[in-house]
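Student: Quick one, what's the 3D model for this:
(one chain, ligands or ions: 3)
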Amino acid sequence: MSLSSARVLRTLLKRPLPSTSSRRASIHISSIMSSSASVAPAPAANITQSHPPAVSSRQSSADYDTAYPIEVRKYLRTYGLTPPAVESFETQEKRCLQLLENKQNPIDKYQYLTHLRNTNVNLFYRLLSGNVKEITPVIYTPTVGEACQRWSELYTQPEGMYLSFSDKGNLHSIIQNWPHNVEITVVTDGSRILGLGDLGINGMGIPVGKLALYTACAGIRPDATLPLTLDLGTSNEQLRNDPLYLGSRRDKVTADEEREFLDELMAALTERWPGIVIQYEDFKNPFPSLERYQNTYTMFNDDIQGTGAVILGGFINGVKQSKVAAADQRAVFFGAGSAGVGVAKQLVEFFMNEGLTEDQARKCFWLVDSKGLITNDRGDKLAEHKLYFSRDDNEGKQYKTLEDVIEYVKPTILMGLSTIGGAFTPEIIKRMAELNKMPVIFPLSNPSSKSECTFEDAIKYTEGRVLFASGSPFPALEYNGKTLEPGQGNNMYVFPGIGLGAILSKAVNVTQSMIYASGKALSESLLPEEIEQNRMYPDIRRIREVSVVVTCGVIRAAQKAGVDRELGLRNMDDKALTEYVQKRMYDPFTEGKKVQDEVKELASHLSKL
Ligand SMILES: NC(=O)C1=CN([C@@H]2O[C@H](COP(=O)(O)OP(=O)(O)OC[C@H]3O[C@@H](n4cnc5c(N)ncnc54)[C@H](OP(=O)(O)O)[C@@H]3O)[C@@H](O)[C@H]2O)C=CC1
Ligand SMILES: CC(=O)C(=O)O
Ligand SMILES: [Mg+2]
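Tutor: Numbers count the residues shown, from 1 in each chain. Ligands and ions are numbered 1, 2, ... in the order given. Here you go, the predicted structure:
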């Protein structure tokens, strides 16, 4: 494309471009009119002057794809900036997989993948989509746990926004610095990162990882995602004393200060990007913010609600195998925090749908925290979120250890959301196997080091009869001549579909019915052969098609609740809705093709002049 065409192109581009975004147009025009590598429209004036350069380059990194044909490189003005060969996707993938394999440890692999995402975003997502089972454990749990623990040590570039408590009063203005239009953000204050405790702003790895899954699993465009970390101080003294720590060295703000900050944040985000979906993640006490914002903003809490939905999905399929009726279920939850209570509440709703009254359903649950079984007469002041499940039928007796609780309750279900690795000892697992034909044992704490037991132990000590799902992945096992696949009860099966469903339906709120629908849709996404294999969760390699099913379920629930604003979707039958969702998903395999089509179309316009 010659420079003399620039004026003609400028006239042409006053019209909307045929296929790709105006972003592409701005790259093209700016790259032709000047030699600067400008990417995004300038932000409004604000107190911070410039964009972080690495963020900008991350968002334009697709332009340096070695799969682009020569004419596309010329169009993008990247000709000569990449090696001459025009590569197939297969060759690119081969190199990436080789490089990954040659890295000795998980964190090196994590760093390589971060680099790849920042230098060729479409290739990163092609690689991830084609190897989701192998790569998810590197960019998400368990490796993301270590990445967060070492974030300050390993830091090389910004990958999202950091907002500090000292920025209060200016959040609206600072948010204008983000150079892209955002459809979804994942926000954390780092105060409970997986089961690893308060990691302060080092928790940024979680929004980055979750949003990468949003793109890979639900096809939300990478540049429409905003990883957001709130620097509200940290209770982690070791971090505050670490010379490399990149956050404020102050103690955690008070609950009142946090609320004021979040009020301003929520208003600022929605003012800049009306309709933005806001996912809360890994806050130490997320109940107040969920309560406060769920009816006012398009937001949800992944640890309470997403986890509840994903366990609901697997549990519905587990019950079909164990055939234990709702009325006969007795569930012991080891851990009564956001995830424990979130999951228990979701299962209460399921038991009610199975015919129990709310009180009957609630009575099927015994929750255990760091002080033992939660009862009304335990003698301590219970946190608000524990009250609903607090028992009043313990006849004055207190049960302090998990073993004691198991002997008392004789459970059919044992859930682990405690952050205590190895808490389900061989004795506990064996006891569950004595009590049940098919015990449900879900060690759901993350990362793997915090899992309450391994898949191997669960199989060994139940003689292969366990219905098992863990939060972090475990390898498959050979047992009695059969290959057994562990279930992965991780909210990654549902949050991408909850987010995409909320975006596409333009939901004003994320209702409880939408959350429930996501779990229900997940349970219905199993293929006949997966049911045949007694799986509770679909093969993770199908996560993209599963996310479409979940998204459709969420959209239908939004319509039923009347919170949708994209009314056109109401008239679509299920097939049309599925196709609509699929069409709206970013596909890293066809991105390059779109640019090629654009080049062809422009060339054809020019030839007619
Ligand atoms: N699989 C998945 O998709 C998900 C997994 N998780 C995982 O679940 C775990 C918990 O998360 P979350 O609920 O948000 O965390 P919280 O900090 O909110 O809750 C942790 C709970 O575990 C209890 N606990 C801590 N130590 C012990 C102990 N020694 N014995 C018994 N109970 C104990 C705590 O007790 P107390 O209340 O007394 O402090 C608390 O009730 C994390 O590891 C997280 O990674 C979370 C979300 C999703
Ligand atoms: C999976 C997840 O959200 C967690 O462990 O916190
Ligand atoms: Mg979480």
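
Student: In the stretch 1-150 of the chain, where is pLDDT below threshold?
Tutor: Applying pLDDT under 70 to the stretch 1-150 of the chain flags residues 1-61.

Student: likewise the chain?
Tutor: Low-confidence segments of the chain (pLDDT under 70): 1-61.

Student: Excluding chain neighbours, what is closest to whichever residue of the stretch 301-450 of the chain sits closest to ligand 1?
Tutor: Proximity of the stretch 301-450 of the chain to ligand 1 (Cβ to the nearest ligand atom) peaks at Gly337, 1.8 Å away. C-betas here are computed from N, CA, C, even on glycine. Using Cβ to Cβ, 6 or more residues apart in numbering and skipping residues adjacent in sequence, the residue nearest Gly337 is Leu417, 6.6 Å away.

Student: For burial, what's the neighbour tally of the one you found?
Tutor: Neighbours of Leu417 under the rule other Cβ atoms under 10 Å: 29.

Student: residues contacting it?
Tutor: 307, 333-335, 337, 339-340, 343, 444-445 (Cβ atoms under 8 Å, 6 or more residues apart in numbering).

Student: Using PDB, list the CA coordinates for stretch 433-440.
Tutor: Taking C-alpha atoms only, stretch 433-440 is exported to PDB below (Å, rounded to 0.1, in the frame of the first residue of the first chain):
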ATOM      1  CA  ALA A 433     -16.300 -44.800  51.900                       C
ATOM      2  CA  GLU A 434     -17.700 -46.900  54.800                       C
ATOM      3  CA  LEU A 435     -20.600 -44.600  55.200                       C
ATOM      4  CA  ASN A 436     -21.600 -44.400  51.500                       C
ATOM      5  CA  LYS A 437     -21.700 -46.500  48.400                       C
ATOM      6  CA  MET A 438     -20.600 -43.500  46.400                       C
ATOM      7  CA  PRO A 439     -19.300 -40.700  48.700                       C
ATOM      8  CA  VAL A 440     -19.200 -37.200  47.300                       C
END
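
Student: so how far is stretch 289-309 off the chain centroid?
Tutor: In terms of Cα atoms, centre = their mean, to the nearest Å, the centre of stretch 289-309 is found 14 Å from the chain centre.

Student: Could you list the buried residues of it?
Tutor: Neighbour counts using 16 or more other Cβ atoms under 10 Å place 289-290, 293-294, 297-309 of stretch 289-309 among the buried residues.

Student: near ligand 2 too, which of these?
Tutor: Under the cut-off given by Cβ under 6 Å from any ligand atom, ligand 2 has 302-303 from the buried residues of stretch 289-309 close to it.

Student: For stretch 475-490, which outside residues touch it?
Tutor: Applying Cβ under 8 Å, 6+ apart, the external contacts of stretch 475-490 come out as 141, 310-311, 314, 442, 444, 446, 455-456, 459, 464, 467-474, 533, 535-537, 540.

Student: Now do the contacts for Met204.
Tutor: Neighbour list for Met204: 148, 151, 159-160, 162, 188, 190, 227, 229 [criterion: Cβ under 8 Å, 6+ apart].

Student: I meant to write Phe351 there.
Tutor: Applying Cβ under 8 Å, 6+ apart to Phe351 gives the contacts 326, 329, 360-361, 364.

Student: Now do the SS call for whatever residue of the stretch 351-500 of the chain ends up closest to ligand 2.
Tutor: Minimum separation of the stretch 351-500 of the chain from ligand 2 (Cβ to the nearest ligand atom) falls at Asn446, amounting to 3.7 Å. Classification of Asn446 by DSSP: H, G, I helix; E, B strand; the rest coil places it in coil.

Student: For stretch 321-340, measure first residue to last.
Tutor: From its first residue to its last, stretch 321-340 covers 23 Å (Cα to Cα, to the nearest Å).

Student: List the buried residues of that stretch.
Tutor: Result for stretch 321-340 [16+ other Cβ under 10 Å]: buried residues 322, 324, 326, 329-340.

Student: before we move on, what about stretch 480-497?
Tutor: 484-497.

Student: Stretch 238-251 now?
Tutor: Buried positions in stretch 238-251, judged by neighbour count with 16+ other Cβ under 10 Å: 239-240, 242, 245-248.

Student: Give me the distance between the residue nearest to Ala212 when sequence neighbours are not counted and Pro473.
Tutor: Using Cβ to Cβ, 6+ apart and skipping the chain neighbours, the partner closest in space to Ala212 is Ile139 (5.5 Å). Distance of Ile139 to Pro473, given as Cβ to Cβ, to the nearest Å: 12 Å.

Student: try Leu244
Tutor: Taking Cβ to Cβ as the measure, Leu244 falls 30 Å from Pro473.

Student: And Val182, by the same measure?
Tutor: Taken as Cβ to Cβ, the span from Val182 to Pro473 is 30 Å.

Student: which stretch of helix or strand covers Leu196?
Tutor: Using DSSP states H and E, Leu196 is not contained in any helix or strand.
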